[in-house]
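*Asks:* here is the input, now give the coordinates:
(one chain, ligands or ions: 1)
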Amino acid sequence: MSDERSRPPTQPLKAAEQAYLRALLAGDRLQAQRIVFEALEQDGANLYDIYLGVFQPSLYEIGRLWETGRLSIAQEHLATAITQSAQAALYSRVTLPSKLDRHAVVACLTGNYHDIGPRMLADFLQLAGYNARFLGANTPIDSLLGMIQDLKPEVIGLPATTPDQVESVRRAIEQIRTDFHSYRPTVMVGGLAFNLIDGLWKSVKADVWGPDARRALDHLLGTTAWR
Ligand code: B12
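*Replies:* Purely as a prediction, here's the structure:
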C-alpha cells in the first residue's frame, strides 16, 4: 500500500464523487456504498483516492450546502452517518500490513466532534504500518495522557476544526512535552482550523502538519515522491 501512496494521484474521481454526493443527498446508504466499492474494485482507485477524492469533497460540499441554508441539519447528519458507514465498510475491504510494529494514537480533544478526517489519518497510519488507535470525538486530555503514558506511541495526531479547538491542541502539546522528558513522540496536527491560517501548526509547536491526511502522512514518512 505504501507504493500506492507514493504513486502520482490518479485522475480525480469526478464521476464517483458526483454520484456519491447524489447518493448522500438522496439519503441512499446502499447506493453510496456501491459507488465506493465499485471505485475500489473496478475502477482501480485506492483508499487514498476514495477518502480524499470522494468522501472529503462530498462532505465539504455538504458543509457548503448546510452553511448556505440549502440543507437541513438532519440532512447533513444523515450524509455524515452514511459516510461513516461507507468509510468503515470500505476499510474492511483493504489489505492491511501484517506487521504493525509502531504505535500511533489519534484523538479529537474535548469539544471536537469532527472525527471523520482524523479517522482517515488513523486509517492511513495503519496502512503505513502503525498500530493506530483512533479514540474518536471528545476525548478528555487527562485520559489521553494516561494512554500515552501506557503506550508510548511514536506518533500522536491531534485535530482542530474550529478556531477555538486550536488552543486545546496547543495546550495538549505543551502538556505532552512537560509530562514526558526522555520520550518525545512526533505530534501531528491537522484539520480545517490549521488549513485556514498559514503556519498556524508551527505556533502550537507541532512536528508535522499537512493540508490533508495523505500529505501529512507523506511529511511524517519524509517522502514527497508522489508529487
Ligand atoms: C459533518 C460535519 C459536522 C458533524 C461532525 C460529525 C462527525 N462525526 O465528524 C457535526 C454535526 C457534529 C458538526 C458540528 C459542528 N460543526 Co461541522 N461540519 C461538518 C462538515 C459538513 C463535514 C466535516 C468532515 O467530515 N469533512 C471531511 C473531512 C475528511 O475533512 P477534514 O475534516 O478537513 O479532514 C481532512 C484534513 O483536514 C485532514 N485532517 C483532519 N484532521 C486531521 C488531524 C491530523 C492530526 C492531521 C495530520 C490531518 C487532519 O485530513 C482529513 C483528510 O484529508 C463540515 C464541512 C467541511 N468543510 O468540512 C462542517 C464544518 C467543519 N462544521 C462547522 C461548524 C461551524 C460546526 C459547528 C460549530 C456547528 C454548530 N453551530 O453547532 C459544530 C461544532 C462541533 C464541534 N464542537 O466540534 C464549520 C466550521 C467552520 C470553521 N472552521 O469554524 C464547517 C466548515 C461547516 C461550514 N461550512 O460552516 N459538524
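
*Asks:* tell me where the chain has helices.
*Replies:* Taking DSSP state H to define them, one finds helices in the chain at 2-6, 14-26, 29-41, 47-50, 56-67, 73-91, 116-127, 141-151, 163-179, 192-196, 200-203, 213-221.

*Asks:* what is the second one packed up against?
*Replies:* It refers to helix 14-26. helix 29-41, helix 56-67, helix 73-91 (3 or more CB pairs under 8 Å, 6 or more residues apart in numbering; DSSP states H and E). Just so you know, the C-beta spots here come from the backbone N, C-alpha and C atoms, and that holds for glycine as well.

*Asks:* so does the longest one get close to the ligand?
*Replies:* Yes: between helix 73-91 and the ligand, judged by CB under 6 Å from any ligand atom, the touching residues are 76-77, 80.

*Asks:* any idea how far the ligand is from the spatially closest residue to residue 123 that is not a sequence neighbour?
*Replies:* The spatial neighbour of residue 123 that comes closest, neighbours along the chain excluded (CB to CB, 6 or more residues apart in numbering), is residue 91 at 5.6 Å. If you measure residue 91 against the ligand using CB to the nearest ligand atom, to the nearest Å, the figure is 14 Å.

*Asks:* quick check: residues of this structure near the ligand?
*Replies:* Of all the residues in the chain, those in contact range of the ligand (CB under 6 Å from any ligand atom) are 52, 55-56, 59-60, 62-64, 67, 76-77, 80, 111-118, 120-121, 157-159, 161-163, 188-193, 195, 210, 212-213, 216.

*Asks:* pLDDT on stretch 220-227, on average?
*Replies:* Stretch 220-227 shows a mean pLDDT of 64.

*Asks:* hmm, I typed the wrong one, I wanted stretch 110-126.
*Replies:* Averaging pLDDT residue by residue across stretch 110-126 gives 98.

*Asks:* swap in stretch 184-203?
*Replies:* Averaged across stretch 184-203, the pLDDT comes to 97.

*Asks:* what residues of that stretch count as buried?
*Replies:* Judged by neighbour count using 16 or more other CB atoms under 10 Å, the buried positions of stretch 184-203 are 185, 187-195, 200-201.

*Asks:* quick one: end-to-end length of that stretch, please.
*Replies:* Between the opening and closing residues of stretch 184-203 we find a distance of 18 Å, counting by CA to CA, to the nearest Å.

*Asks:* thanks a lot, catch you later.
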